[in-house]
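Novice: here's a sequence, model it:
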Amino acid sequence: MQPNSTLILTAPPNQSRAALRFGLPVAHAAYRVGGGPHLFRANMPISVRGGLMALDCVGFDGRGEAGPFCQEVLRECSARGYDGILCDFEGRPIPLLGEIVRTLAGLTQKRGWPLYVTEAYGGSADSAKVLISSALSGGSLAQRLTDAVERYGAGRVALEVERSALEFFLPSPTGQGAPLGRAELQALMEARRPSVFFSNELCAHYFTYMSRENGAHFILFDDAGSIRKKLHLARTLDITDALLPFSQVDDLLPDLLP
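Specialist: Predicted structure coming up:
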């Protein structure tokens, strides 16, 4: 990492202590926009303080007012010593969530805190940093990031690293691969001993093999080397912020950190 780079780990409560041991900021994925809306909290270790609040919107019905909810968020940030917020809002954009993002943007900007949002809410606040996923099954990661920089500006783009391990049956008309666990990938590589190649476009490793039962297979996967290249690619475009899910990269972190 460059000195001015920001690398953040996202972690659920049961992994927060383990993630904190690496000395990086941790976004604690222990919060949800619940009905009302109110801030729902998972049980967090009392000793865990600092880092960022990460909240999702799973099951939210889209009703209520933004102001009181945002004040709840700030009170929790104050109680836990958080100095940043990650709005991990997936799914169809909801107007009230857009209003929450706009309100939080003003509140965080006053405090000098970063606010990270998913791409669906990138237009809701000019000061928010927009998460662009590294996961691709086609196209070019460099072009994807370049397009995001042209749209938002490099200072507003953050790379959301996703560790891929996908198996595609060829031909693959949908472009959708089946996820492979670490043990599955390792067993497959030990059994097949394939020639492994690197895709500069996808910034990931791949190999192919043939099966008598179901024909040709294409395997796309990441390791520490490919993730380092994703981070380097982002930095060449002046993207300095990157988020990594701790549960996906815990075994790779010793090789990713300087």
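Novice: quick one: buried residues of the strand or helix carrying residue 106?
Specialist: Counting by DSSP states H and E, the element that carries residue 106 is helix 95-111. For helix 95-111, burial by neighbour count (16 or more other C-beta atoms under 10 Å) applies to 96, 97, 98, 99, 100, 101, 102, 103, 104, 105, 107, 108. No exception for glycine: its C-beta is placed from N, CA and C like everyone else's.
Novice: ditto for stretch 154-170
Specialist: Neighbour-count burial for stretch 154-170 flags 154, 156-168 (criterion: 16+ other C-beta under 10 Å).
Novice: as JSON lines, the residues you listed with pLDDT, secondary structure and distance to residue 87 would be great.
Specialist: Formatted as JSON lines, the buried residues of stretch 154-170 follow (pLDDT from 0 to 100; DSSP: H, G, I helix; E, B strand; the rest coil; distance: C-beta to C-beta, whole Å):
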{"residue": "154", "pLDDT": "97", "secondary structure": "helix", "distance to residue 87": "20"}
{"residue": "156", "pLDDT": "97", "secondary structure": "helix", "distance to residue 87": "14"}
{"residue": "157", "pLDDT": "98", "secondary structure": "strand", "distance to residue 87": "16"}
{"residue": "158", "pLDDT": "98", "secondary structure": "strand", "distance to residue 87": "12"}
{"residue": "159", "pLDDT": "98", "secondary structure": "strand", "distance to residue 87": "17"}
{"residue": "160", "pLDDT": "98", "secondary structure": "strand", "distance to residue 87": "13"}
{"residue": "161", "pLDDT": "98", "secondary structure": "coil", "distance to residue 87": "18"}
{"residue": "162", "pLDDT": "96", "secondary structure": "coil", "distance to residue 87": "18"}
{"residue": "163", "pLDDT": "96", "secondary structure": "coil", "distance to residue 87": "22"}
{"residue": "164", "pLDDT": "94", "secondary structure": "coil", "distance to residue 87": "24"}
{"residue": "165", "pLDDT": "95", "secondary structure": "strand", "distance to residue 87": "27"}
{"residue": "166", "pLDDT": "95", "secondary structure": "strand", "distance to residue 87": "27"}
{"residue": "167", "pLDDT": "93", "secondary structure": "strand", "distance to residue 87": "32"}
{"residue": "168", "pLDDT": "91", "secondary structure": "strand", "distance to residue 87": "32"}
